[in-house]
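Colleague: Sequence first, predicted model second:
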Amino acid sequence: MEYDLPQPIIEVIEEMEGEFHAKPYKDINGVLTIGYGHTNATGTFKFNKNTVITKEQGLEILAKDLGAARGHAEQMLKNRNLTATEEQLDYMMLVYFNRPWALGATIDVIAEGNIDLVRKAQLDAYEQYRGEEAPQWYINRIDKEVKFANEFDSKTDLSGNRIPEGPVTIFDASGNPVDVHPMLVNDLLSLKPAKYFPEPGQVVEPDVSKINILDSFYSKFKSQVPKEAGSYEAAQIKTDIRRQEANLQ
């Protein structure tokens, strides 16, 4: 699978990997690397210490590497019954390209769309995988990725990084106020047919079967999230409940 390289992806990889390397070099972890961060681990292009490539070849190799990474990300989403926007999928692809072990540990948080949680999850993944605190070079790499990922982080949507600290008031079909945890606002407002609304006065005939399913999820969420829970902890609990309901744990 080959990926049609958009310029922003090339730019963020160049920023992380440095300029194109026609000859092999050892990266910060001592791994033999060539072109745009390509290693023999991907299997898309085999090389040795004597290999020399052109920039055009480097871009072709990068397209194959990213295509493979995107394929893995899509399969992970399918396996976990998750959905993602094209922008989120591009970020997942970037994470897998740089460190495949981290995507499995953070894909749920990326799919939630909150860039603050994504950054913390990436740093936590390093500590869990390496058994030590993330070094500065790794933090710098994450920050460069986050700069790219900010393209998918809405500044007005509650799933973005402007999550209120306390409960958010929305309204049911009868106009009654309902206080809910910020991490659930988008789920409740996006239910089709609609039951919850950002403003009072909207009346609809709700789909009772779907409401019962969501209300069951909401009850579990409320019972497991402490009142003092931060947005990151709430997102983790939300993901765990979804996994349990999908029998994925």
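Modeller: Looks like it arrived, so ask away.
Colleague: And the helix or strand M76 falls within, what's buried?
Modeller: Assigned by DSSP states H and E, M76 belongs to helix 55-79. Buried positions in helix 55-79, judged by neighbour count with 16 or more other CB atoms under 10 Å: 57-70, 72-73, 76-77. C-betas here are computed from N, CA, C, even on glycine.
Colleague: by contact count, what packs against it?
Modeller: Secondary-structure packing of helix 55-79 (3 or more CB pairs under 8 Å, 6 or more residues apart in numbering; DSSP states H and E): helix 7-17, strand 21-26, strand 32-35, helix 86-98, helix 100-112.
Colleague: For the ones you listed, give me JSON lines that also has mean neighbour count, distance to A149 and mean pLDDT.
Modeller: Shown next, in JSON lines, are those (neighbours: other CB atoms under 10 Å; distance: least, CB to CB, whole Å; pLDDT from 0 to 100):
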{"stretch": "helix 7-17", "mean neighbour count": "15", "distance to A149": "9", "mean pLDDT": "80"}
{"stretch": "strand 21-26", "mean neighbour count": "14", "distance to A149": "25", "mean pLDDT": "94"}
{"stretch": "strand 32-35", "mean neighbour count": "21", "distance to A149": "23", "mean pLDDT": "94"}
{"stretch": "helix 86-98", "mean neighbour count": "21", "distance to A149": "5", "mean pLDDT": "89"}
{"stretch": "helix 100-112", "mean neighbour count": "20", "distance to A149": "8", "mean pLDDT": "87"}
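Colleague: export those to JSON lines and tack on distance to I170?
Modeller: Shown next, in JSON lines, are the helices and strands packed on helix 55-79 (distance: least, CB to CB, whole Å):
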{"stretch": "helix 7-17", "distance to I170": "35"}
{"stretch": "strand 21-26", "distance to I170": "53"}
{"stretch": "strand 32-35", "distance to I170": "50"}
{"stretch": "helix 86-98", "distance to I170": "25"}
{"stretch": "helix 100-112", "distance to I170": "19"}
